[in-house]
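Trainee: below: sequence and its predicted model.
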Amino acid sequence: MSEQSIEIVPVTETTSVVISVSTPPPLDQNPAAIYLANLRTTGRRTQTQALNVLAGLFSNGRENALSFPWHTLRYQHTTAVRAQLAEKYKPNTTNKMLSALRGVLKEAWRLGQITAEEYHRAIDIKSVRGQTLPKGRSVETTELKKLLDACERDTSPAGRRDAALLAVLYAGGLRRSELVNLKLADYSESAGSLLVLGGKGGKDRLCYLSGGAAQALAEWLKVRGVEAGPLFLPINRGSNLINRKLTDQAVMYILGERIKEAGIAGCSPHDFRRSFISDLLDAGADIATVQKLVGHANVTTTARYDRRGEVTKQKAAALVNVPFRQDGENETNLIS
């Protein structure tokens, strides 16, 4: 291990450990680096941010994920930081951070930097309980139509591409990263299927296109051509197609521009996925089937998008009568 100057201070509401590190350990001995290296790209980005927050809390802002000596943590420190996180963040965010903390401590144990007893004591912290509504909003069918109409008014290749992109984003229930990674070879026109490779958690799945979504994609493919490569391509100012995949940021930009043209409220690419899930559940699709279509690891995640319970609660709430002002009464009649 590299030389470190470590000072343990009393655990308070705002401070757990103050640590000064002379030289971080090499990456092959750094539990945070090893933990992050085992994650997929999207997860690595999120958990790096989580570990940076944790390292800052543990060291009063002096250290980051790769410089912090994670092997020094003990039960009193992880318990204190759990309380701090629970006060500052929503349960889901807090639990993601705690998951990152457990993952790094496990690597520290595997590297022989802490004993099995120290490791098990340090991770013996409960997840934060609580439930929040999913972020974002639903994209209504009328809004989707306005977006697609805006694309159809654009007679350039970008119009055909963007109509297909938005249609596939919704009808496939895709994540943005999954959309940009699609290849032409992943689409089977005869089966109406899209092969989604390497989704969240490394899971592959099939999704299916029909009706307007299949038609929008067919029109784009007439413009795109049959050259192997990404399904959706960038288009330069001269309306020339470039055979490389779009970036995540490009999808955000495309949607933002079409939102302006359609004159609808702002929404994100992930809102299309949320709408796909909730619309299928509202239509009576089996929740286990929807789970498979969107690639959720757990059916409880899919259930969070089920609006049927909210509709039932809304109808029940409407049964309560508050006699503030009945129909046909005006303010004058109430005063008299």
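Mentor: Nice, thanks for sending it over.
Trainee: can you name the residues that contact residue 33?
Mentor: By CB atoms under 8 Å, 6 or more residues apart in numbering, the contact set of residue 33 is 27, 66. For the C-beta atoms, the positions are set from N, CA and C on the backbone; glycine is no exception.
Trainee: what does the residue nearest to residue 202 when sequence neighbours are not counted show for phi and psi?
Mentor: Closest residue in space to residue 202, ignoring its immediate chain neighbours: residue 40 at 6.4 Å, by CB to CB, 6 or more residues apart in numbering. Phi and psi for residue 40, reported as degrees, to the nearest 10, are phi -70, psi 170.
Trainee: on the pLDDT front, check residue 40 for me.
Mentor: Model confidence at residue 40, given as pLDDT, is 79.
Trainee: then residue 279?
Mentor: So, for residue 279, pLDDT stands at 88.
Trainee: just the buried positions in stretch 218-231, please.
Mentor: Going by neighbour count (16 or more other CB atoms under 10 Å), the buried part of stretch 218-231 is 219-221, 223-224, 229-231.
Trainee: then that stretch to PDB, C-alphas only?
Mentor: The C-alpha coordinates for stretch 218-231 follow below in PDB (Å, rounded to 0.1, in the frame of the first residue of the first chain):
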ATOM      1  CA  ALA A 218     -39.300   1.400 -44.000                       C
ATOM      2  CA  GLU A 219     -39.400   4.900 -45.400                       C
ATOM      3  CA  TRP A 220     -36.100   5.800 -43.700                       C
ATOM      4  CA  LEU A 221     -34.500   2.600 -45.000                       C
ATOM      5  CA  LYS A 222     -35.300   3.700 -48.600                       C
ATOM      6  CA  VAL A 223     -33.300   6.800 -47.900                       C
ATOM      7  CA  ARG A 224     -30.600   5.100 -45.900                       C
ATOM      8  CA  GLY A 225     -29.800   2.300 -48.300                       C
ATOM      9  CA  VAL A 226     -28.500  -1.200 -47.600                       C
ATOM     10  CA  GLU A 227     -24.900  -0.400 -46.700                       C
ATOM     11  CA  ALA A 228     -23.900  -2.200 -43.400                       C
ATOM     12  CA  GLY A 229     -23.500   0.000 -40.400                       C
ATOM     13  CA  PRO A 230     -25.700   1.700 -37.700                       C
ATOM     14  CA  LEU A 231     -29.400   1.800 -38.300                       C
END
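Trainee: contacts for it?
Mentor: The contact list for stretch 218-231 (CB under 8 Å, 6+ apart) reads 157, 160-161, 163-165, 180-187, 189, 232-233, 241, 243-246.
Trainee: which of those count as buried?
Mentor: Buried members of those, scored by 16+ other CB under 10 Å, are 157, 160-161, 163-165, 180-182, 184, 187, 232-233, 241, 245-246.
Trainee: before we move on, the earlier item: quick one: which of the buried residues of stretch 218-231 is nearest residue 152?
Mentor: residue 219 (9.4 Å; CB to CB).
Trainee: element containing the closest residue to residue 115 other than its chain neighbours?
Mentor: Excluding the flanking residues, the one nearest residue 115 by CB to CB, 6+ apart is residue 109, at 7.6 Å. Taking DSSP states H and E as the criterion, residue 109 maps to helix 91-110.
Trainee: pLDDT at residue 294, what is it?
Mentor: We have a pLDDT of 88 for residue 294.
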